[in-house]
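Enquirer: pasting a predicted model and its sequence here:
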Amino acid sequence: MEKYKISFINRSLPGYGAYETVMHYHKEAMNRGFDSNINLIDDTVDFYIINMLYGDDEKKLKEILHPNKFVYIEHSIECVLPEKTWIRDFVMPNSFRNYFFSLRHRNHILDAFSVENKILASDNYDYLVVPVDYNIFKPNPEITRDENLNIFVGMIHTNKGVDTILTMAIKNPHKEFLFIGTLEGGDKSEEDFVGASNVKYIGHISKNKLVEYYNKASTLYLLPTNGAVESAGRVVFEAVLCGCNVVVNSDVGNASYPWYNDATKIIENIDISIEKLFNTIMEGCRRASKQDG
């Protein structure tokens, strides 16, 4: 079997959802025998998996990218940002396949478009369930669950519903609320979590420590507000896989899957989704190879 050279394009910072997703796919690609690379852009690449585009990457790709030699995975609402005209004009129309992370995700993008929806109305799209490593995020019977412990996990930002959860904490002083995540890119500071004895901000923590909290907490809250939409909301799947209850609203992408709070179904759909993506990548590599030949 020919060993195809592929490249995942993504500049998200470590610890963020997009980074975790791409690294999961990259590891899977290597396990499947691909010559897999991150952010490599040159003539030796057979096929690209484009995730999040930034200035330098976009400039290089414009010089080298050919139709049907890539798939595009939309991570948030990047394609509707005013400066992302190239995604709308070239990337999505010429992608071998376009992917979204949930039904809510794609509908949100459709709603965000105020111009013609010819690209998004086409049938060249599918959904990918955000990959979560269920060998890491799983129940730990040695940890006792605390029915009074509630957590938030993610970027500390108003649009993630942080203020809503803080108000909830103040109204329930007998319950403990922990906020886990980075302040970088958010609109809050550590001072916002001072004043209520049952509220604590503990910052960004290791994956192993996060698994402990998912196993210990009673409930994870994710309540996007101000019109923000979580394309997936991977923390929901992480929490459910660890046996933690989740409280979400309709703006969390993963919650638009009817099985989002069923750990068995989550695992099944993650596996199906990964097979779907890599079948597409393999087919795309073969077609691109024939075109080049």
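Expert: Noted; the coordinates are in hand.

Enquirer: show me what contacts the closest residue to residue 225 other than its chain neighbours?
Expert: Excluding the flanking residues, the one nearest residue 225 by CB to CB, 6 or more residues apart in numbering is residue 161, at 5.2 Å. From N, CA and C alone the C-beta is placed, and that goes for glycine too. For residue 161, the contact set (CB atoms under 8 Å, 6 or more residues apart in numbering) comprises 152, 221-225, 249.

Enquirer: filter the residues you listed to the buried ones?
Expert: Neighbour-count burial (16 or more other CB atoms under 10 Å) is assigned, among those, to 152, 221-224.

Enquirer: related to what we said a few turns ago, measure the residue nearest to residue 225 to residue 270 for me?
Expert: Between residue 161 and residue 270 the distance, using CB to CB, to the nearest Å, works out to 25 Å.

Enquirer: swap in residue 156?
Expert: Going from residue 156 to residue 270 by CB to CB gives 27 Å.

Enquirer: how many neighbours does residue 276 have?
Expert: By the other CB atoms under 10 Å criterion, the neighbourhood of residue 276 contains 16 residues.

Enquirer: surely it and residue 131 touch.
Expert: No - with contact defined as CB atoms under 8 Å, residue 276 does not count as touching residue 131 (11.4 Å).

Enquirer: give the next helix or strand downstream of the helix or strand bottoming out on mean pLDDT in the chain.
Expert: Least confident element among the helices and strands of the chain, by mean pLDDT, DSSP states H and E: helix 118-121 (a mean of 62). Remark: after helix 118-121, the chain's next helix or strand is strand 125-127, criterion DSSP states H and E.

Enquirer: helices and strands around that following strand, which ones?
Expert: Contact here means 3 or more CB pairs under 8 Å, 6 or more residues apart in numbering; DSSP states H and E; on that basis strand 125-127 packs against strand 98-100, helix 103-112.

Enquirer: list the buried residues for that strand?
Expert: Neighbour-count burial for strand 125-127, counted by 16+ other CB under 10 Å, picks out 125, 127.

Enquirer: partners of that strand, with directions?
Expert: When pairs are called by DSSP bridges, strand 125-127 turns out to pair with strand 98-100 (parallel).

Enquirer: picking that back up, quick check, nearest of the contacts of residue 161 to residue 30?
Expert: Taking CB to CB as the measure, residue 222 is the one of these closest to residue 30, at 31.2 Å.

Enquirer: which parts of the stretch 101-250 of the chain are strands?
Expert: Defined through DSSP state E, counting those that start in this stretch, the strands belonging to the stretch 101-250 of the chain, from first to last, are 125-127, 146-153, 176-180, 199-203, 217-222, 245-248.

Enquirer: follow-up on the earlier one: could the contacts of residue 161 be laid out in CSV, adding distance to residue 262 and pLDDT?
Expert: Below are the contacts of residue 161 laid out as CSV (distance: CB to CB, whole Å; pLDDT from 0 to 100):
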residue, distance to residue 262, pLDDT
152, 22, 98
221, 19, 98
222, 17, 97
223, 21, 96
224, 22, 95
225, 26, 93
249, 19, 96
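
Enquirer: in JSON lines, list these along with distance to residue 184.
Expert: Conversion of the contacts of residue 161 to JSON lines gives the following (distance: CB to CB, whole Å):
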{"residue": "152", "distance to residue 184": "16"}
{"residue": "221", "distance to residue 184": "21"}
{"residue": "222", "distance to residue 184": "19"}
{"residue": "223", "distance to residue 184": "21"}
{"residue": "224", "distance to residue 184": "19"}
{"residue": "225", "distance to residue 184": "20"}
{"residue": "249", "distance to residue 184": "25"}
